[in-house]
Structures are given as C-alpha cells and as structure tokens.
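Novice: No letters, just coordinates:
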C-alpha cells in the first residue's frame, strides 16, 4: 500500500510541459523550470498594447503570447520585444492563451473558444458557447439599489483554456464547463454548474478540476464530463460578497489547492473531494491561483493585501508578505524566488522560503499617478476611492481607477532569467 500511495503522489506531482498555458502547466502549480532574476537590473523591453492587460503571458518557442482588452492576441519575439503577428477579436480579451500542437487557444469575452495557427495567427475554427456574462446578483457587495441585479465589476477574467489529450477545456458565463475537440472545434461534452465559471481548469490524471461562482469545486472525468465529486465552499446570500471561486485550482501531490471569495484557502483530496484543511483570511478574497512547491502553498489576498505562504500539509501560516494593495496576480515560482503583482502597480520578487523582499518593479502609470491614488509608502490612498454616486456605480468607478494607475492583475511568467508580466497601463514588461 505504501508503494501504491507513493506512485499516486508521484503521478499528481509530475507537471505537464507539453504546452504553455496559464500558471505554467495544466496542473496550474505556478512552477517554472527556468530561473528568474533574484536581482533587478532593468526593463529588457516593453511592448505597448492599446488597452489594459489583465490576462497572463505564455511562452513557447522563443515567442511570448499575450491577449489584451484592446481585442487583440499578440505574438511577440521573446528576445527583442517586436511584434510577430496579432489577431483581432470582436471584443476585449481577458483570457490567457493555451498552446498545444501548433495551435493557440483563447476564450473571448463572448464565450467563444478560438483556435489560431501558432505560426501565423490565422484562425482555424471557433466554438461558441451558449452565452457569456459576468457574475451578478441582487444587493451585490451591499451596493444599492438592493433589489437590482448588478453585474460584478471585479469579475474581470474569463476562463483560460487547458489542453489535454486532444481536448480543450474551459468554463463560461453560462455556467458551463466545456470540452471541445482541439483539432475540429466540435463539442465533446458540456457539464452544467450552478453559476458563472470564469476560473481556469486544471487537468491531472484524466480529471478536470474547476470552480465557479456557485462556490463549488468540481472534479469531472476528462473523457466523459461525468462528475466524480463536488466540494461546497461558503455562501453569502445576504450580499453575495463572500462567495464563489474566482481562483483556479492547483493540483499537486494528490491534493487540490484553491482560494475562494469566501475568504479561505482550501486543501482538498484530489481523489475523494474531502477537505484536508482550510485557512481563513480575515474576510479577504483569495482570487489568486496558488503556487505550490516544496511543501508550501502561496496565495495572495484582496483587502488584507498580502502574499501568504502556508504549509501544504497542515495549512499553518509560514509567512506573510504585505503589499499594502490588493493582490489578484497569481504567484509564479522560479528557483527559490516568488514573483507576483499588486494593484499598486508593483511587481514583487520575494524569497520563497523566508518571504523577504528581493526587489520590486513599479509600472510607468503607477509612478505617474502615485500622488493621486497611492500614498508615499505604496499603499492605496483610500480618500481617492470615496463614494461618488452612493450606489453600485462606485464599484465600476473604483475598478476604472485601478486601470489608470498601472495595476497588475496579470500573472507573471518566467523564462531564461526574465519575468514577463502585463499591466493595466497596457504594457507587457520584460524584466531582468
């Protein structure tokens, strides 16, 4: 039995390097095999798009691929930062690409899954989901009018696809989890959840793991779409604030680690769906996809503005790193350095063992607007985020303000000693 258990753990430990995708691999563990810079020497290059970037870059064959809210997917030379090609979609794109078998896949803001030729950017096929929408609810986050259904401005990402065994998996605003044939774009199966699904699926050992705004984490058979198990997280029927999985799961060593808007990080047995532990975060959302390595789970929080390191076996806190601003950017691990961004426009590099800051880079827009929206210590100037209308419109105004200060919603990717990350100033930065 011990040998069998060891084999199971090994199977869940091995990451997928067959393609480039959000958070490094299909296990979504955030671990990059390349080393990154432990000291910051400068900006290698900066590529300007026409609108904020909230999606994350992926890397393959010396090319960086990134999508932007300017409706384009870009292919950028990794060495020079020069554009190789771009593809225009109908609407802004908040999905990170996935690359497999000479194709690039992304999900548009209409809920359409598109396949592009990786070399040219030419479209091959498009699959359209039933419909797309943001998470919405009455009395959302306590905003008025209380009886009006309000779309959530903070539901900013769409699902980033995963590709495995000839299928492309993704979720949509219609509450569906889809499996589409990677070669033809034909539907293989659809699983219906109870609400919007904008998290990105993790795939390991023939199982698709994905959470949604119904506060449920699902394990689905990748071949058939049949449910293996379901885990229910917390609900918040009063104001629908502490509810839903915006994070994506990370699957490591037979466990599924995921953050939730119910202000917890969860560790769930990947086979049984039984909770092993949970860590509460003082009513702060955990929208980041955890990075997991060497017995530690790293996850960022919103209101408490920190990057946490938790013991993977027990859930005990190992260290806290305070950013003084929300963290939606999922951490990336390269060597013993953890990289992540924050809403104050900073990209942090910290020691993954001690939590000590090694360096930080600040985006151009956040430097320009520091006096207006940020305090001298880099924390948010909350006086600049005061109520204007006294209703739900303030939520949209606050989100717009974050897009003007070069906040980092994008999750970094690491390759050959360089960190790549997008910003709401519309720039993809290459940092070394």
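Specialist: Structure received. Here the structure is a predicted model, which is why all the values come from computation and not from measurement. Numbers count the residues shown, from 1 in each chain.
Novice: How many residues are close by residue 62?
Specialist: A count of nearby residues for residue 62, using other Cβ atoms under 10 Å, gives 11. For every residue, glycine as well, the C-beta is placed using N, CA and C.
Novice: Neighbours of the closest residue to it other than its chain neighbours, how many?
Specialist: Residue nearest to residue 62 in three dimensions, not counting chain neighbours: residue 78, with 4.8 Å by Cβ to Cβ, 6 or more residues apart in numbering. Per other Cβ under 10 Å, the neighbour tally for residue 78 reads 21.
Novice: now do residue 102
Specialist: Using other Cβ under 10 Å, the number of residues around residue 102 comes to 10.
Novice: which residues sit in contact with the residue nearest to it when sequence neighbours are not counted?
Specialist: Nearest-residue entry for residue 102: residue 118, 5.1 Å, with adjacent residues in sequence omitted and distances by Cβ to Cβ, 6+ apart. Neighbouring residues of residue 118 by Cβ atoms under 8 Å, 6 or more residues apart in numbering: 60, 75, 99, 102, 103, 104.
Novice: same deal with residue 226?
Specialist: Taking Cβ under 8 Å, 6+ apart, we find residue 226 in contact with residue 220.
Novice: measure the residue nearest to residue 62 to residue 430 for me?
Specialist: Applying Cβ to Cβ, to the nearest Å, the value for residue 78 to residue 430 is 8 Å.
Novice: Overlap of the contact sets of these two?
Specialist: In contact with both residue 78 and residue 430: 64, 418, using Cβ under 8 Å, 6+ apart.
Novice: how long is stretch 246-264 end to end?
Specialist: Chord length of stretch 246-264, first to last residue, is 12 Å (Cα to Cα, to the nearest Å).
Novice: just to revisit the earlier point, now the residue nearest to residue 62. Its backbone dihedrals?
Specialist: phi -60, psi -30 (degrees, to the nearest 10).
Novice: same question, residue 365
Specialist: Here is the backbone geometry of residue 365 (degrees, to the nearest 10): phi -70, psi -40.
Novice: quick one: it from residue 329, how far?
Specialist: As judged by Cβ to Cβ, residue 365 and residue 329 stand 15 Å apart.
Novice: Please apply the same query to residue 268.
Specialist: To residue 329, residue 268 is 23 Å away according to Cβ to Cβ.
Novice: neighbour count winner among these two?
Specialist: residue 329 (31 against 24).
Novice: Now do that one against residue 178, distance only.
Specialist: 26 Å.
Novice: What of residue 324?
Specialist: Residue 324 sits 39 Å away from residue 178, going by Cβ to Cβ.
Novice: residues contacting residue 417?
Specialist: Residue 417 is in contact with 34, 35, 36, 37, 432, counting by Cβ under 8 Å, 6+ apart.
Novice: neighbours of the fourth one, just the number please.
Specialist: When neighbours are counted by other Cβ under 10 Å, residue 37 registers 22.
Novice: State the pLDDT value of it.
Specialist: Among the per-residue scores, residue 37 holds a pLDDT of 95.
Novice: Quick check: it vs residue 398, distance?
Specialist: Using Cβ to Cβ, residue 37 is found at 33 Å from residue 398.
Novice: And the third one, by the same measure?
Specialist: Distance, residue 36 to residue 398, by Cβ to Cβ: 32 Å.
Novice: Which parts of the chain are helices?
Specialist: Applying DSSP state H to the chain gives helices spanning 2-13, 364-368, 370-373, 393-404.
Novice: Quickly, which of these bottoms out on average pLDDT?
Specialist: Looking at those, the bottom one is helix 2-13 with a mean of 39.
Novice: quick one on the thing from earlier: neighbour-wise, which of residue 36 and residue 398 wins?
Specialist: Ranked by neighbour count (other Cβ under 10 Å), residue 36 and residue 398 place residue 36 first, with 25 against 17.
Novice: Find the nearest non-adjacent residue to that one, please.
Specialist: Nearest one to residue 36, counting by Cβ to Cβ, 6+ apart, is residue 334 at 3.7 Å.
Novice: Now do the contacts for that neighbour.
Specialist: 31, 32, 33, 34, 35, 36, 414, 419.
Novice: Please report phi then psi for the fifth one.
Specialist: Right, residue 35. phi -80, psi 150.
Novice: hang on, isn't it packed against residue 336?
Specialist: No: with contacts counted by Cβ atoms under 8 Å, residue 35 stays clear of residue 336, the gap being 9.2 Å.
Novice: So for residue 386, what's the pLDDT?
Specialist: We have a pLDDT of 60 for residue 386.
Novice: do residue 223 as well
Specialist: With respect to pLDDT, residue 223 scores 98.
Novice: circling back: between the contacts of residue 417, which is nearest residue 310?
Specialist: residue 36 (21.8 Å; Cβ to Cβ).
Novice: Roughly how far does the closest one sit from residue 43?
Specialist: 15 Å.
Novice: for residue 180, same thing?
Specialist: On the measure of Cβ to Cβ, residue 180 and residue 43 end up 38 Å apart.
Novice: if you count what's nearby, which of those two comes out ahead?
Specialist: Neighbour count, other Cβ under 10 Å: between residue 180 and residue 43, residue 180 has more, with 24 against 14.
Novice: Could you tell me which residues make contact with the more buried one?
Specialist: Residue 180 neighbours (Cβ under 8 Å, 6+ apart): 113, 127, 167, 168, 170, 186, 187, 188.
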